[in-house]
Structures are given as structure tokens and as C-alpha cells.
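Visitor: quick one: sequence plus predicted model below, questions after.
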Amino acid sequence: MIFNIILLSLGLILLCIITIYDFKYLVIPNIYVGILTIIGIIYQFFRGELLEGIIGGSIYILPLLFIYGYVSDIFQRECLGFGDIKLMFAIGIFLSFKSMNHIFIFYNVIFFLCGIFTIFFYKKYKDKYIIPFGPILSVGGIIFYICQEKYF
């Protein structure tokens, strides 16, 4: 129990570091995402849900892969960085796969947060035409993890 709390705390610290780094440089470093993924795998192993965690990481990234591949082709520019997809895999391991309904609700939370972040940070990033998506994924993952434990 205490080990799980320590792992969750380390994951939260890494998400905060990733969020700050993505705000500042618009890049998500692979080393932080790799460490977060390893912590998520260890966390799910000690919970006894390792398979659900890996399946969750694999399924949670599917909508982002669609956006990365097809939507980027439609708009003829990159709509999403691959670092965001790797971050979503790590977050998906922590969230684990419960049902497709959970994934649907999670992405509703993410896209709602995306609208809020866009309104607040439009002036800061308007010259670059890019808004960092990593912080949105991090905040959405934290909110959904807390709500998932209470309401689902």
C-alpha cells in the first residue's frame, strides 16, 4: 500500500516536470516519459493489474494515433507530436483498461480541458500556432485517475 503511494507520488512529480518542460520548450523528453512508463508498469505489477495496465496504455493511445496520422494528413501539418502519444501510453498504464466507456469519458475530459487551455494560453502561443498538449494530458490524467477511483 505505501509502496503504491510512493509510486503514484513519483508519477505525479514526473508529470509536473513534463508539464513545465512542455510549456517552456514545446517538447516532451523521452527520458521522463520512459521513467514514467517504468513506474507505471511497477505500480500496476504491485496492484496485480499489469495486463490491464499494458492494455490500457495501448488502447488509450489509439485516438491520438488517429489524430497524428490522418488528421495531420488532412491539414498538411503536424497536429500532434509523437511525444504526446508516448506520454499518453504512460498515463494509460496508470489508468489501466476498465471499459471503452472509461476511454470515451477520458477523452471528453481531455478535449474539454483542451478548450479551456486554448482560451487561457492563446495569446502566449499565438505566434507559434502551437499549444502544448502534454500539460493537458497530464492534468486530464490526474483528474480522471482521481475521479475513476471515486465514481467508476
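Guide: Happy to help now that I have it. Note that the coordinates shown come from a computational prediction; the quantities given were computed from them, not determined experimentally.
Visitor: remind me which residues of this structure are low pLDDT?
Guide: The model of the chain has pLDDT under 70 over residues 125-129, 152.
Visitor: biggest helix in it by residues?
Guide: helix 100-125 (DSSP state H).
Visitor: who's in contact with whatever helix or strand comes next after that one?
Guide: Later in the chain than helix 100-125, the nearest helix or strand by DSSP states H and E is helix 134-151. If you take C-beta atoms under 8 Å, 6 or more residues apart in numbering as the criterion, helix 134-151 is touched by 12, 15-16, 18-19, 22-23, 28, 83-84, 87-88, 91, 94-95, 98, 102, 105-106, 109-110, 113-114, 117. To be clear about C-beta, it is placed using only N, CA and C from the backbone, and glycine gets the same treatment.
Visitor: need the buried ones from the residues you listed selected in PyMOL.
Guide: Applying 16 or more other C-beta atoms under 10 Å to those leaves a buried subset, and the PyMOL line that selects it is:
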select buried, resi 12+15+18+19+22+28+83+84+87+88+91+94+95+102+105+106+109+110+113+114+117
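Visitor: measure G53 to I59 for me?
Guide: 11 Å (C-beta to C-beta, to the nearest Å).
Visitor: again, but for Q44
Guide: From Q44 to I59 the distance is 14 Å (C-beta to C-beta).
Visitor: compare these two (neighbour count), which wins?
Guide: Q44 (23 against 17; other C-beta atoms under 10 Å).
Visitor: residues of the helix or strand hosting the more buried one that come out buried?
Guide: For Q44, the enclosing helix or strand under DSSP H and E is helix 30-47. By neighbour count on 16+ other C-beta under 10 Å, the buried set for helix 30-47 is 32-33, 35-37, 39-44.
Visitor: after it, next one along is what?
Guide: Following helix 30-47 in sequence, per DSSP H and E, is helix 50-60.
Visitor: check the offset of that following helix from the chain's centre.
Guide: Computed by C-alpha atoms, centre = their mean, to the nearest Å, the separation of helix 50-60 from the middle of its chain amounts to 13 Å.
Visitor: helix or strand right after that helix?
Guide: Past helix 50-60, the next helix or strand by DSSP H and E is helix 62-66.
Visitor: so what does that following helix touch, helix or strand wise?
Guide: helix 82-95 (3 or more C-beta pairs under 8 Å, 6 or more residues apart in numbering; DSSP states H and E).
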